[in-house]
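In: Here is a sequence together with a model predicted from it:
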Amino acid sequence: MSKVNHSLSMKLSLGILLIVAPVFILALGALFLQSRYFIRQEASEHANSLLNTAVQRVRKCMSAVETSINANAWLIEDDFRLETLPASSHRIVQFNPIVRYSSISVQPNMFPQNGRYFSVCSLNKGDTVVTVRETNKEYLDRACYRIPIETGKTCWVEPSYEQAECELSLNEAVASYCRPIRLKNGKIAGVVSASLSFRQLAEAMNVGDSTYPDAYFALLGSDGRYLIHPDSTRLFKKTIYTDVDPGSQSEMIALGHEMTAGNQGNMRMKINGKLCHVCYSPVPDTNWSLALICPDTVILSNYYLLTYIIIVLIVIGLLVILWLCNRSVRYAIRPLSRLLRLSQKIADGEYSEVIPYSKRKDVIGRLQNNFAIMQQSLYHHVNGICQTTKETEKRNDELVHAMKSTEEAVSQKDRFIQNISHQIRTPMNIILGFADVLRDGLASCNTNMIQAEDQQQIIRMMKYNAMHLNRMILMLYDSSESGTSRELMISRNDQMSCNELARECINYTYTHFPVQAIEYKTELPDAVCILTNHLYLMRSLRELLYNSAKFSDGKHIKLSVSQTETTVRFVVEDVGPGLSEESRDQLFKSFTKMDDLSDGLGLGLPLTKRHAINLGGNLVLDTSYNEGCRFVLVVPK
């Protein structure tokens with residue numbers, strides 16, 4: 001049945017899945033394509049944002065150098081003397097730590113020393129500023145001097161490793177910002193320049209945490225030379241076109257033309273065997289171009305991750321759709337499965353389970369309701385037959401139980417009569433036997449036939465058995481309905497001394513067991529009395545002492561009397577075999593003995609407990625005592 005249910009629900013679920021899956025995949029595919037476009041666009045915008053940030057940082061450094069020159073140029077032009085030039089150059093590098101060195105070059109014949117060329121250079125070496133003077137005609141042919149003189153405008157000049165006019169070498173590439181010195185009469189007297197290290201530019205661009213750890217910046221000069229690049233072997237010696245194969249690396253050549261032309265844009269190309277995304281932008285007021293090169297695996301990591309996510313979503317989505325379809329189908333056909341199971345039970349003869357009514361209005365709901373009506377009719381019919389059968393079986397069981405109870409009662413009655421007969425016949429036979437002995441002795445008129453000691457022993461035995469017989473008769477009477485009714489009518493108005501009662505019971509025990517040693521201990525003075533019924537309290541305490549003397553070793557019997565605020569406790573303990581765990585549960589049940597052959601009727605302890613309860617107290621067995629038996633008789637004061 002379960003396999004049929006699962007097979008049907010699975011077939012229907014797969015059929016629904018074949019219809020729903022294409023729609024689901026198409027919708028998810030459209031979402032995937034749109035998401036890929038947005039991710040690529042966002043990655044490109046983020047890369048351009050990083051590039052623009054780097055360009056702004058470069059311009060910030062360049063603006064600091066330009067400001068240092070422009071702020072000091074008017075001082076040089078206002079007081080243009082040979083003696084003030086070193087101080088001006090020194091002030092530029094001293095108050096502008098970003099300036100690597102500053103130079104002031106003067107055209108010939110500007111001072112009385114005709115034919116001499118003056119160039120003052122201040123070099124920034126950490127915290128030390130060194131000022132030197134140099135006369136070098138070849139320096140005036142360099143770009144940082146020639147271009148401002150020819151154009152009359154400020155400009156940035158690309159770096160060179162040639163030694164500057166300073167006597168000390170910088171040993172690093174620098175870019176120079178040059179401004180012509182224009183006197184009041186409009187004549188150009190020379191050039192003031194300040195240099196910026198490309199190492200400083202590289203540090204400024206890479207300041208802070210990089211979003212793309214494998215990305216790097218590249219700065220190209222006007223002729224395509226590498227001014228900034230992670231590979232130091234390419235700096236200033238190689239251009240972007242060096243070692244480029246036009247056939248397989250045409251994108252690199254196109255990128256070089258775009259950057260040297262001062263254009264801005266994005267390109268995708270292979271660099272060193274890796275597909276990279278390149279963003280490039282010109283540096284304002286220069287012929288340089290800055291590019292951000294980032295591998296596609298880094299910048300488009302989310303782009304590629306989305307593919308795996310979509311695949312996982314498709315698989316999970318199809319599984320979820322299959323699971324939902326399966327649950328929906330199983331829910332829809334659940335009544336059929338239940339009807340199949342219940343009809344199988346009805347076919348097997350089981351009518352107890354009720355088919356519930358359905359609120360569904362479709363064919364399955366009406367079918368279930370018809371089955372429910374049919375099942376109820378069968379159930380009522382079969383239930384009537386079963387009920388009649390059960391009542392008959394119940395009456396038969398009651399008759400069998402009653403017969404067994406009657407047989408057990410008869411058997412118990414027979415055992416009780418036999419036990420009573422045995423218990424009464426034994427002392428009667430002893431008394432009759434000793435009476436015959438005494439009669440024979442008197443009849444023979446020979447008084448010496450029985451010695452005086454034997455006579456006393458015979459008299460004691462006859463008295464003991466007579467008292468034993470009287471004790472059993474009293475127990476039988478107390479256990480009868482008359483004895484029980486009489487006990488319930490007793491009064492507890494006898495004022496008894498606890499110690500006197502204890503001694504009385506001990507003396508009574510001595511009449512049965514003359515040689516028995518009983519230890520007596522009391523915590524109460526003799527004046528302490530209680531209101532109780534003397535007869536039943538005495539019978540209870542005597543029975544406890546009698547049992548201890550009868551079943552113990554006969555040497556270590558102890559009676560203790562103590563009191564609490566509301567009760568008096570009589571504790572009887574002995575040393576002997578004690579009671580087993582099994583016999584403790586039956587201890588206070590009437591006519592219960594350790595075995596059928598043992599002496600007694602099995603009424604002593606049950607009657608004692610009943611007397612104690614009727615007197616307002618109780619009788620308990622101290623189970624913590626293991627050397628024999630210890631019974632505690634508690635009565636109220």
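Out: Cool, the structure landed. The structure presented is a predicted model; accordingly, all values stated were derived computationally and were not measured. Numbers count the residues shown, from 1 in each chain.

In: Just confirm residue 531 is within a strand.
Out: Yes - using DSSP: H, G, I helix; E, B strand; the rest coil, the assignment for residue 531 is a strand.

In: any idea how far it is from residue 495?
Out: 6 Å (CB to CB, to the nearest Å). In this view, the C-beta of every residue, glycine as well, is placed from N, C-alpha and C.

In: in which helix or strand would I find residue 248?
Out: Using DSSP states H and E, residue 248 sits within no helix or strand.

In: ugh, wrong one, I meant residue 526
Out: With DSSP H and E as the test, residue 526 turns up in no helix or strand.

In: Thought residue 497 was touching it, still the case?
Out: Yes - counting by CB atoms under 8 Å, residue 497 is a contact partner of residue 526 at 5.9 Å.

In: neighbour-wise, which of the two wins?
Out: residue 497 (16 against 11; other CB atoms under 10 Å).

In: what residues are up against residue 635?
Out: Residue 635 is in contact with 530, 532, 537, 567, 568, 570, 612, 615, 616, 617, counting by CB atoms under 8 Å, 6 or more residues apart in numbering.

In: how about the helices of the stretch 451-600 of the chain, start to end?
Out: With DSSP state H, counting those that start in this stretch as the criterion, the stretch 451-600 of the chain has helices at 452-479, 481-488, 498-512, 534-551, 581-585.

In: Ignore what I typed, I meant the stretch 51-200 of the chain.
Out: Under DSSP H, counting those that start in this stretch, the stretch 51-200 of the chain gives helices at 85-94, 143-151, 198-205.

In: which stretch in the ones you listed has the least confidence?
Out: Of all the helices of the stretch 51-200 of the chain, helix 143-151 carries the lowest average pLDDT, namely a mean of 81.

In: Confirm residue 45 sits in a helix?
Out: Yes - the assignment for residue 45 is a helix, going by three-state DSSP.

In: what's the neighbour count on it?
Out: Neighbours of residue 45 (other CB under 10 Å): 12.

In: That one and residue 38, how far apart?
Out: Applying CB to CB to residue 45 and residue 38 gives a distance of 10 Å.

In: Check residue 19 too.
Out: Noted for residue 19: a distance of 30 Å to residue 38, by CB to CB.

In: In terms of neighbours, single out the busier of the two.
Out: Set residue 19 next to residue 38 and count neighbours by other CB under 10 Å: residue 38 wins out with 12 against 9.

In: Let's verify the more buried one: helix, strand, or coil?
Out: Three-state call for residue 38 (three-state DSSP): helix.

In: roughly how far apart are it and residue 26?
Out: 19 Å.

In: For the closest residue to residue 509 other than its chain neighbours, which residues are in contact?
Out: Spatially, and ignoring its direct neighbours in sequence, residue 509 is nearest to residue 545 (4.4 Å; CB to CB, 6 or more residues apart in numbering). Residue 545 makes contact with 505, 506, 508, 509, 518, 557, 559, 572, according to CB under 8 Å, 6+ apart.

In: Residue 545 and residue 468, how far apart?
Out: For residue 545, the distance to residue 468 - CB to CB - is 15 Å.

In: likewise residue 289?
Out: 134 Å.

In: okay, these two: which has more neighbours?
Out: Between residue 289 and residue 468, residue 289 has the larger neighbour count (other CB under 10 Å), namely 27 against 19.

In: For that one, what are phi and psi?
Out: When read as degrees, to the nearest 10, the backbone of residue 289 gives phi -140, psi 130.

In: what's around residue 400, how many residues?
Out: Counted by other CB under 10 Å, the residues lying close to residue 400 total 10.

In: Same check on residue 433?
Out: Neighbours of residue 433 under the rule other CB under 10 Å: 14.

In: Residue 516 now?
Out: Residue 516, neighbours per other CB under 10 Å, totals 17.

In: so what pLDDT did it get?
Out: Confidence score, pLDDT, at residue 516: 81.

In: ok now stretch 13-26, how far from the chain's centre?
Out: On the basis of CA atoms, centre = their mean, to the nearest Å, stretch 13-26 is displaced by 39 Å from the centre of the chain it belongs to.

In: Give the rounded mean pLDDT of that stretch.
Out: Averaged across stretch 13-26, pLDDT comes to 77.

In: residues in contact with it?
Out: For stretch 13-26, using CB under 8 Å, 6+ apart, the contacting residues are 314, 317, 318, 321, 322, 325, 326, 329.

In: Identify, from these, the entry nearest to residue 239.
Out: Taking CB to CB as the measure, residue 239 lies nearest residue 314 of the contacts of stretch 13-26, at 48.6 Å.

In: Adding secondary structure, neighbour count and pLDDT, write the contacts of stretch 13-26 out as CSV.
Out: Converted to CSV, these look like this (DSSP: H, G, I helix; E, B strand; the rest coil; neighbours: other CB atoms under 10 Å; pLDDT from 0 to 100):
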residue, secondary structure, neighbour count, pLDDT
314, helix, 16, 77
317, helix, 17, 79
318, helix, 15, 78
321, helix, 16, 78
322, helix, 17, 78
325, helix, 20, 77
326, helix, 18, 76
329, helix, 19, 75
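
In: Make JSON lines from these and add distance to residue 608 to it.
Out: Below are these laid out as JSON lines (distance: CB to CB, whole Å):
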{"residue": "314", "distance to residue 608": "89"}
{"residue": "317", "distance to residue 608": "85"}
{"residue": "318", "distance to residue 608": "85"}
{"residue": "321", "distance to residue 608": "83"}
{"residue": "322", "distance to residue 608": "80"}
{"residue": "325", "distance to residue 608": "80"}
{"residue": "326", "distance to residue 608": "76"}
{"residue": "329", "distance to residue 608": "77"}
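
In: Lowest mean pLDDT among the helices and strands, pick that one out for the protein.
Out: Least confident helix or strand of the chain, by mean pLDDT, DSSP states H and E, is strand 128-134 with a mean of 53.

In: Not counting sequence-adjacent ones, nearest residue to residue 310?
Out: Of all residues beyond its chain neighbours, the one nearest residue 310 is residue 32 (4.7 Å), with distances taken as CB to CB, 6+ apart.

In: Can you give me the pLDDT of the one you found?
Out: 71.

In: That one: helix or strand, and which one exactly?
Out: helix 2-78.

In: any weak-confidence spans in the stretch 251-400 of the chain?
Out: Across the stretch 251-400 of the chain, the ranges flagged by pLDDT under 70 are 300-304, 306, 349-354, 357.

In: Sketch out the strands for it, chain order is fine.
Out: With DSSP state E, counting those that start in this stretch, the ranges of strands along the stretch 251-400 of the chain come out as 265-271, 274-282, 289-295.
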